[in-house]
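In: Sequence plus predicted model, see below.
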Amino acid sequence: LGFSKANLQWVISAYALVFGGFLLLGGRAADLLGRRRMFLVAVVVFTVASLLAGLAWSETSLIAARALQGLGAAIITPAALSILSTTFTEGRERNIALGAWGAVGGFGAAAGVLLGGILTDALSWSWIFFVNVPVGVSAFILAPLLLKESRDAHVKRFDVPGAVFVTSGLSLFVYAITQAGQHGWLAGETLSFFAVSLVLLVGFVGWELRHPEPLMRFGILRTKTIAGANVAGFIMGTAMFAMFLMLTLYMQQVLGYSAMKTGVAYLAVAGTAIFTSAIAAQLVTRIGVKPVLVTGMIALTAGLVYFTQVSVGGSYLGDLLPGFLLIALGIGFAFVPISIAALAGVQAAEAGLASGLINTSQQIGGALGIAALSTIATSRTDHALAGGATQASALVTGFHGAFVAGVIIAALGIVASLALIRRDELVQSVDDLEPVLDLAA
């Protein structure tokens, strides 16, 4: 399509901005307007957007389609998690369901990365979007047959001003983070966007505290375990998103991997995460959320420590596979308990809100991690090049710096998991909660 270097970033940024900005609204909209209904609407939006992206005829058309994809995904993700939360009883039943959710996510990641590489190499980039169309059509047909409708029957009106405040505030915050990664954290434009986003988010808090039927009830964060899950999710996103970006760049720019070979390399992570997620669901039921989560965060930290040793002449078996297996253990053992803790004791009427909140925490953390660690990697790479290092050696020096920063961030996740997750808030029976679901077959 003849993208300029400056505009190419918007293929990713347009999706990230809308996705991160609308997750909280998407989750709450599912609560208020119907979880199955919003899931179906979002599937249509995402499927149509994927078709338009594959058919894109210009830079603008592809960027717009990616933004529309972000909107669909921002509703699908919390709506699906809230459907799971309200379908399965809190405790063993929900834990197993969340383990399956994590396993399916691992399989999807494995299939997506591999299939994306194959389609790009064998056909064209358009097919990474076209492949979503039959999946979306199938989901739209099957969802009404398999899912029950549910919503919050108590709220009678939608908080439109609150929705405007939070979506614009979060979107601008994500945009400010992306600008920081490109133009510097202290650049005037970056600081301006951070300031405006802060004003909007403060305005959102003030409005919600006064509104009789707020979009977000902040009392949900008084539960220490829910707050802790969001902190852990934020930290995990900060470390993990950037780590995968750095590893992809290392494999392709230093080791010379093709897109398809990179996808095959990641099978060890995604495939193993399928099993670790299932194991984590069983362990949570037996020994509790906190020990499993702490183990997962330790494994993530250990994996990042291993990657601080990647080398210019590295091999898959020596430099990557052991770290991949540690990361896979960490993903399964952290993702499942974080999801369980994020929904702990949440009333059914606020399942979408809680789901949107944890996904927002992870996505904002991911955007921040990519920007911050990319800045570190670029700075160290430039310094090494100025000192006479080869391109490959300089890149590895930059990656080392990013991975060390990732280790520090992941270690904070261990501390947060130990300090904020409370066993007494996780054993609360769902029978003690107010029944506020309006169910329809």
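Out: Thanks, I have it.

In: Verify the stated contact: Gly356 with Gly20.
Out: No. With contact defined as CB atoms under 8 Å, Gly356 does not count as touching Gly20 (11.1 Å). In this view, the C-beta of every residue, glycine as well, is placed from N, C-alpha and C.

In: who's more crowded, the two?
Out: Neighbour tally, Gly356 and Gly20, criterion other CB atoms under 10 Å: the higher count belongs to Gly356, 30 against 25.

In: which SS state does the more buried one fall under?
Out: Classification of Gly356 into helix, strand or coil gives helix, according to DSSP: H, G, I helix; E, B strand; the rest coil.

In: show me what contacts it?
Out: Neighbour list for Gly356: 23-28, 30, 78 [criterion: CB atoms under 8 Å, 6 or more residues apart in numbering].

In: Return the subset of the residues you listed lying in helices.
Out: Here DSSP state H is the test, and the contacts of Gly356 give 23-28, 30, 78 as lying in helices.

In: In PyMOL, select just the buried ones from these.
Out: What follows is the PyMOL syntax for the buried subset of the ones in helices among the contacts of Gly356, where burial is set by 16 or more other CB atoms under 10 Å:
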select buried, resi 23+24+25+26+27+28+30+78
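
In: which of the ones in helices among the contacts of Gly356 lies closest to Val205?
Out: Checking the ones in helices among the contacts of Gly356 against Val205 with CB to CB, the nearest one is Leu24 at 12.5 Å.

In: Give me the distance between the closest residue to the closest one other than its chain neighbours and Ala29.
Out: On the basis of CB to CB, 6 or more residues apart in numbering, the spatially nearest residue to Leu24 that is not a chain neighbour turns out to be Gly356, at 4.5 Å. Summarising the geometry, the distance separating Gly356 from Ala29, computed by CB to CB, to the nearest Å, is 9 Å.

In: what does Ile298 give?
Out: Look at Ile298 and Ala29: by CB to CB, they are 37 Å apart.

In: Take the contacts of Gly356 and write them to TSV, including distance to Ala259 and pLDDT.
Out: Supplementary listing: these in TSV, determined by distance: CB to CB, whole Å; pLDDT from 0 to 100:
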residue	distance to Ala259	pLDDT
Leu23	28	83
Leu24	33	80
Leu25	34	83
Gly26	30	85
Gly27	33	82
Arg28	37	81
Ala30	35	84
Pro78	30	86
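
In: Quick check: of those residues, which lies closest to Ser379?
Out: Among these, and counting by CB to CB, the member closest to Ser379 is Leu23, at 30.6 Å.

In: how far away is the closest one from Ser355?
Out: Taking CB to CB as the measure, Leu23 and Ser355 are separated by 9 Å.

In: Now do the helix or strand hosting Ala103: which elements does it pack against?
Out: Assessed by DSSP states H and E, Ala103 sits inside helix 92-122. With contacts defined as 3 or more CB pairs under 8 Å, 6 or more residues apart in numbering; DSSP states H and E, the secondary structure elements packing on helix 92-122 are helix 59-87, helix 127-130, helix 259-265, helix 267-287, helix 321-342.

In: I'd like the mean pLDDT over that helix, please.
Out: The average of the pLDDT scores along helix 92-122 is 72.

In: What is the distance between it and the centre of its chain?
Out: Centre-to-centre, helix 92-122 and its host chain are 13 Å apart (CA atoms, centre = their mean, to the nearest Å).

In: what is the orientation angle of it with helix 267-287?
Out: If you take axes from the mean of the first three to the mean of the last three CA atoms, to 10 degrees, helix 92-122 sits at 180 degrees to helix 267-287.

In: hang on, the earlier thing: and the contacts of Gly356 as a markdown table, adding distance to Glu350?
Out: Listed next are the contacts of Gly356 as a markdown table, based on distance: CB to CB, whole Å:
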| residue | distance to Glu350 |
| --- | --- |
| Leu23 | 15 |
| Leu24 | 12 |
| Leu25 | 14 |
| Gly26 | 14 |
| Gly27 | 9 |
| Arg28 | 8 |
| Ala30 | 11 |
| Pro78 | 11 |
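
In: which one of these is nearest Ala367?
Out: Distances from the contacts of Gly356 to Ala367 were compared by CB to CB; the smallest belongs to Leu23, at 11.8 Å.

In: Gln362 is in contact with the closest one, correct?
Out: No. Under the criterion of CB under 8 Å, Leu23 makes no contact with Gln362, lying 9.0 Å away.

In: who touches both of Leu23 and Ser355?
Out: Taking CB under 8 Å, 6+ apart as the contact definition, Leu23 and Ser355 share the neighbouring residues 77-78.
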